[in-house]
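>>> Structure for this input, please:
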Amino acid sequence: MDLMKLSKELSYALRHAPWEYELELDEEGWVEIPQLLVALHESPQWKEVTEADLEQMIQASEKKRHEIRSGRIRALYGHSTPQKISKTPADPPGILYHGTPLRSVASIMEQGLQPRQRQYVHLSADIDTAKQVGKRRDDQPVILKINANQAAKDGILFYHGNENIWLADHIPARYIQQ
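Residues are numbered from 1 along each chain as shown. Next up, the predicted model:
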């Protein structure tokens, strides 16, 4: 079984189009695994997928995109569904990073970071992750430095995505350095 393809299928189903799979996500993005398996089994490609396969997919992934707990599964970040997935605020590291194309820097430095088509602004815990994320849109991304410590003190809420990804509703420009 191609675990990477399975991960992409789940990301699409859980992040972007749960209604296409007739999935009911709760307010934190969880869905019961049996419900997900019924939906996946509708496709011949995923007819044999089991809960053990889902667990193996998560373990094999370099990026923690999904989690399983108490018979349920969810995507950890990257949602674009109309229903906002609620997250629990957490204390961020002092500095976070955001990789972005050069063409976006002026706008960001003026308006701050906005979630755009996603539910949250995605931030990286380290420069390497920020570069990797930024390279999706530009070969030479600009790495912006976010004063997360001061932003949190000033009331900006941060949410833990995974060990390398942090989320926020919005980051005002005053907390961003080039």
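
>>> can you confirm residue 67 is in a strand?
Yes. Assessed with DSSP: H, G, I helix; E, B strand; the rest coil, residue 67 lies in a strand.

>>> And it, what's its pLDDT?
On pLDDT, residue 67 comes in at 94.

>>> Next one: the residue of the chain positioned farthest from its centre from residue 14, what distance?
Among the C-alpha atoms of the chain, the one most distant from their mean position (Cα atoms, centre = their mean) is that of residue 44, at 27.9 Å. To residue 14, residue 44 is 21 Å away according to Cβ to Cβ, to the nearest Å. Placement of C-beta: from N, CA and C, glycine included.

>>> again, but for residue 160
18 Å.

>>> Give the residue from those two that has the larger number of neighbours.
residue 14 (26 against 17; other Cβ atoms under 10 Å).

>>> Look up the closest residue to the residue most central in space within the chain, ignoring the ones flanking it.
The centroid of the chain falls nearest to residue 77 when counting by Cα atoms, centre = their mean (2.2 Å). Closest residue to residue 77 apart from its sequence neighbours, by Cβ to Cβ, 6 or more residues apart in numbering: residue 161 at 3.8 Å.

>>> tally of neighbours for that neighbour?
With other Cβ under 10 Å as criterion, residue 161 counts 22.

>>> try the one 3 residues further on
Per other Cβ under 10 Å, the neighbour tally for residue 164 reads 17.

>>> what's the helix or strand for the residue nearest to it when sequence neighbours are not counted?
Distances taken as Cβ to Cβ, 6+ apart place residue 129 nearest to residue 164, at 4.5 Å, with adjacent residues excluded. Using DSSP states H and E, residue 129 falls within helix 127-134.

>>> Show residues contacting stretch 7-24.
Residues outside stretch 7-24 that contact it (Cβ atoms under 8 Å, 6 or more residues apart in numbering): 25, 29, 31, 35-36, 39-40, 42, 46, 54, 57, 61, 65-66, 73-75, 78-81.

>>> which of those count as buried?
Buried members of the contacts of stretch 7-24, counted by 16 or more other Cβ atoms under 10 Å: 25, 29, 31, 35-36, 39-40, 46, 54, 57, 65-66, 73-75, 78-79, 81.

>>> Check whether the closest residue in space to residue 119 that isn't next to it in sequence sits in a helix, strand or coil.
Of all residues not flanking residue 119 in the chain, residue 79 sits nearest, at 4.8 Å (Cβ to Cβ, 6+ apart). Classification of residue 79 into helix, strand or coil gives coil, according to three-state DSSP.
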